[in-house]
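A.B. asks: Could you look at this predicted model? Sequence included:
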Amino acid sequence: MAGRIGSVLLSYAAMHRFWTLLLFLFPLSAWCGEPLAGSRPNIILILTDDQGYGDLSAHGNPVLKTPHLDRLHREGARFTDFHVSPTCAPTRSAMLTGRHEFKNGVTHTIYERERLTLEATTVADVLQRAGYATGIFGKWHLGDEPQYWPNRRGFDEMFIHGAGGIGQTFPGSCGDAPDNSYFDPVILKNGKFVKTRGYCTDVFFNEALAWIKSTKDKPQPFLAWIAPNAPHAPLQVRPRDQARYSSRVGHTNTAKFFGMIANIDDNVGRLLDRLKRWGLERNTLVIFMNDDGGTVGVKVFNAGMRGQKGTPWLGGTRAASIWRWPGRISPADIPALAAHIDVFPTLAALAGARLDSNTQAQVEGRSLVPLLENPRTDWPDRTLITHVGRWPKDADPEDSKCKACSVRNTRWHLVSLDGGRQPKWQLFDVAHDPGETNDVATRHAEIVRAMTANFDSWWTSIQPLLVNEKAIGPKVNPFKELYWKQFGGGPDAALLEQMNPLRRLEQEPKRPAPKSR
């Protein structure tokens with residue numbers, strides 16, 4: 001009898017191993033024969049600001065606790081070699097357009113060089129035309145003049161702050177509402193300012209959740225683009241969130257920074273709870289990403305990487321990219337080399353959107369759908385270019401051609417940190433040296449030559465598209481003009497009316513809507 005029981009248990013164990021192996025080789029979406037392309041899920045994309053790859057406990061951070069982000073990580077597909085730009089506006093422009101940020105005219109985060117060219121089609125444009133409701137909540141940072149606002153770039157609902165962060169102000173067009181704060185911020189909602197109550201991250205998630213709730217019973221799917229400006233400096237944090245880490249780290253700023261991330265994590269948990277409560281969990285894809293390399297948190301943990309935000313090292317570009325869709329995308333690590341430019345074609349494919357010929361020509365990225373269906377699918381090698389940009393205002397870009405830039409493929413990373421018109425290349429075999437500690441350029445001259453040729457070709461291709469280099473901004477930030485016009489204060493009202501960007505916009509020809517096939 002015992003032998004028969006043992007035989008049955010052994011067969012059960014063998015069967016369990018068999019099914020486990022099948023699910024590894026053929027993820028659930030492929031096993032069920034239901035392709036992801038054209039499945040039209042609701043899409044929620046969460047994009048944090050200055051949170052690094054190492055600023056998740058799921059990535060090994062020894063101090064920071066992010067249980068809800070860890071849940072996304074545990075339940076989703078995780079791209080382990082996913083790269084963005086070294087700073088924030090460039091990453092956002094590449095995600096929205098599917099092409100390198102410099103081809104969008106975005107070479108900086110200020111000086112009008114953060115403005116996304118009006119000639120580009122955004123993924124929000126595409127999804128909106130494909131029948132999606134679209135909303136953005138938080139950081140835009142791709143142009144503060146009204147013609148650049150997201151409600152003219154494919155978003156039905158707009159709830160944003162100005163500039164690169166709440167309270168930021170720079171000469172020209174890039175600036176937020178006057179004297180704005182992370183606490184009770186004034187936010188631009190669909191063209192009018194609203195005075196909110198609470199901490200900024202809570203405010204953005206509250207507004208996004210209210211909008212999702214208002215659309216959940218409608219037949220159309222939705223895209224909710226949730227982009228907190230936290231944990232970007234200034235490190236304005238709720239005292240109780242800072243207190244979570246005050247006794248656990250040696251630096252006050254690190255405690256503030258980790259507290260801001262803990263608050264983001266709380267809001268992600270609240271979002272996941274609402275999706276389940278509203279019956280949306282099984283037909284909603286939740287994507288979590290960060291927009292550049294780490295900052296304050298790298299003092300504690302940087303996942304073994306060299307560099308951070310604002311550098312071309314892997315520590316400046318490697319980002320979290322987690323895709324969770326219960327029942328459709330199987331939890332797995334995906335090691336393929338992927339990037340921000342892949343977001344556009346992936347979301348368009350999931351939505352079943354048709355791209356006109358101009359948009360097809362614009363998109364350089366690849367759809368990640370095959371990898372989401374099978375993490376081990378064939379993924380040809382590719383070349384990715386990183387350039388920090390940020391050369392001085394009115395400078396000749398050619399003088400900075402080879403400064404703070406890199407060329408990457410699956411195995412190799414070619415980096416020129418302090419070159420100018422000529423490169424000072426270092427080469428790293430990142431497949432075996434992910435910390436980029438051993439320069440092997442002299443041993444692999446042929447690799448350096450081939451990757452240099454790729455870089456030179458790319459540099460030539462971007463020159464006609466650097467449309468913001470000589471742009472002249474307005475004398476007063478547009479957000480401030482509108483704020484003073486709505487609430488009073490500021491310069492003379494008659495002068496404001498003459499400078500009013502909405503009034504100027506009414507006199508300009510409207511941007512033609514991208515054609516669809």
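C.D. replies: Okay, I see it. Residues are numbered from 1 along each chain as shown.

A.B. asks: CA only for contacts and neighbour counts going forward, please
C.D. replies: Fine.

A.B. asks: State the number of residues packed around the closest residue in space to V467 that isn't next to it in sequence.
C.D. replies: Distance criterion CA to CA, 6 or more residues apart in numbering; nearest residue to V467, sequence neighbours excluded, is G105 at 5.1 Å. The number of residues packed near G105 is 26, by other CA atoms under 10 Å.

A.B. asks: correct me, but G105 touches P464?
C.D. replies: No. Under the criterion of CA atoms under 8 Å, G105 makes no contact with P464, lying 9.4 Å away.

A.B. asks: Could you tell me the end-to-end distance of stretch 150-168?
C.D. replies: End-to-end distance of stretch 150-168: 19 Å, with CA to CA, to the nearest Å as the criterion.

A.B. asks: Helix, strand, or coil at the nearest residue to G473 once chain neighbours are set aside?
C.D. replies: Once flanking residues are discounted, G473 sits nearest to G172: 4.2 Å by CA to CA, 6+ apart. Assigned by DSSP: H, G, I helix; E, B strand; the rest coil, the conformation of G172 is coil.

A.B. asks: the strands in the stretch 301-450 of the chain, which residues?
C.D. replies: For the stretch 301-450 of the chain, applying DSSP state E, counting those that start in this stretch gives strands covering 318-319, 321-324, 332-334, 338-339, 384-387, 403-408, 412-418, 425-429.

A.B. asks: So which of the ones you listed is the most surrounded?
C.D. replies: Among the strands of the stretch 301-450 of the chain, ranked by average contacts under mean count of other CA atoms under 10 Å, first place goes to strand 318-319 (a mean of 28).

A.B. asks: elements contacting the longest helix along the chain?
C.D. replies: Counting residues, the longest helix found in the chain (DSSP state H) is helix 252-277. Under the contact criterion of 3 or more CA pairs under 8 Å, 6 or more residues apart in numbering; DSSP states H and E, helix 252-277 touches helix 67-75, helix 200-215, helix 239-243.

A.B. asks: can you put the ones you listed in CSV and add mean pLDDT, distance to T442 and mean neighbour count?
C.D. replies: Below are these laid out as CSV (pLDDT from 0 to 100; distance: least, CA to CA, whole Å; neighbours: other CA atoms under 10 Å):
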stretch, mean pLDDT, distance to T442, mean neighbour count
helix 67-75, 98, 39, 19
helix 200-215, 98, 48, 19
helix 239-243, 98, 48, 16
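
A.B. asks: now for these, which one comes closest to I264?
C.D. replies: Nearest to I264 among the helices and strands packed on helix 252-277 is helix 200-215 (6.7 Å), distances taken as CA to CA.

A.B. asks: so after that closest one, what's the next helix or strand?
C.D. replies: Tracing the chain past helix 200-215, the next element assigned as helix or strand by DSSP states H and E is strand 222-227.

A.B. asks: Report the strands that pair with that next one, each with its relative direction.
C.D. replies: strand 42-48 (parallel), strand 133-138 (parallel) (DSSP bridges).

A.B. asks: Buried ones in the longest helix of the chain, by neighbour count?
C.D. replies: For helix 252-277, the neighbour count (16 or more other CA atoms under 10 Å) marks 253-269, 271-272, 274-275 as buried.

A.B. asks: Distance from stretch 53-72 to the middle of the chain?
C.D. replies: Computed by CA atoms, centre = their mean, to the nearest Å, the chain-centroid distance of stretch 53-72 equals 18 Å.

A.B. asks: ditto for stretch 404-412
C.D. replies: The answer for stretch 404-412 is 20 Å, by CA atoms, centre = their mean.

A.B. asks: Could you tell me how far Q362 is located from I341?
C.D. replies: Separation of Q362 from I341 (CA to CA) stands at 11 Å.

A.B. asks: Show me the one of the strands paired with strand 222-227 that comes nearest L368.
C.D. replies: Among the strands paired with strand 222-227, if distance is taken as CA to CA, the winner is strand 42-48, at 14.8 Å.

A.B. asks: any low-confidence regions in the chain?
C.D. replies: For the chain, applying pLDDT under 70 flags the ranges 1-33, 492-517.

A.B. asks: one more time with 50
C.D. replies: Applying pLDDT under 50 to the chain flags the ranges 1-33, 501-511, 513-517.

A.B. asks: if we can go back for a sec, dump the helices and strands packed on helix 252-277 to TSV, plus distance to R443.
C.D. replies: Below are those laid out as TSV (distance: least, CA to CA, whole Å):
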stretch	distance to R443
helix 67-75	39
helix 200-215	49
helix 239-243	49
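
A.B. asks: looking at the ones you listed, which is closest to F487?
C.D. replies: helix 200-215 (20.7 Å).

A.B. asks: Return the list of helices and strands in contact with that closest one.
C.D. replies: Helices and strands touching helix 200-215, by 3+ CA pairs under 8 Å, 6+ apart, are strand 133-138, strand 222-227, helix 252-277.

A.B. asks: Next, the angle strand 42-48 makes with it.
C.D. replies: Counting by axes from the mean of the first three to the mean of the last three CA atoms, to 10 degrees, helix 200-215 lies at 170 degrees to strand 42-48.

A.B. asks: For helix 200-215, give me every contacting residue.
C.D. replies: By CA atoms under 8 Å, 6 or more residues apart in numbering, the list of residues contacting helix 200-215 from outside reads 133, 135-138, 159, 182-185, 196-197, 222, 224, 226-230, 263-264, 267, 271, 278.

A.B. asks: OK, contacts around E157?
C.D. replies: Neighbour list for E157: T134, G135, I136, N151, K189, N190 [criterion: CA under 8 Å, 6+ apart].
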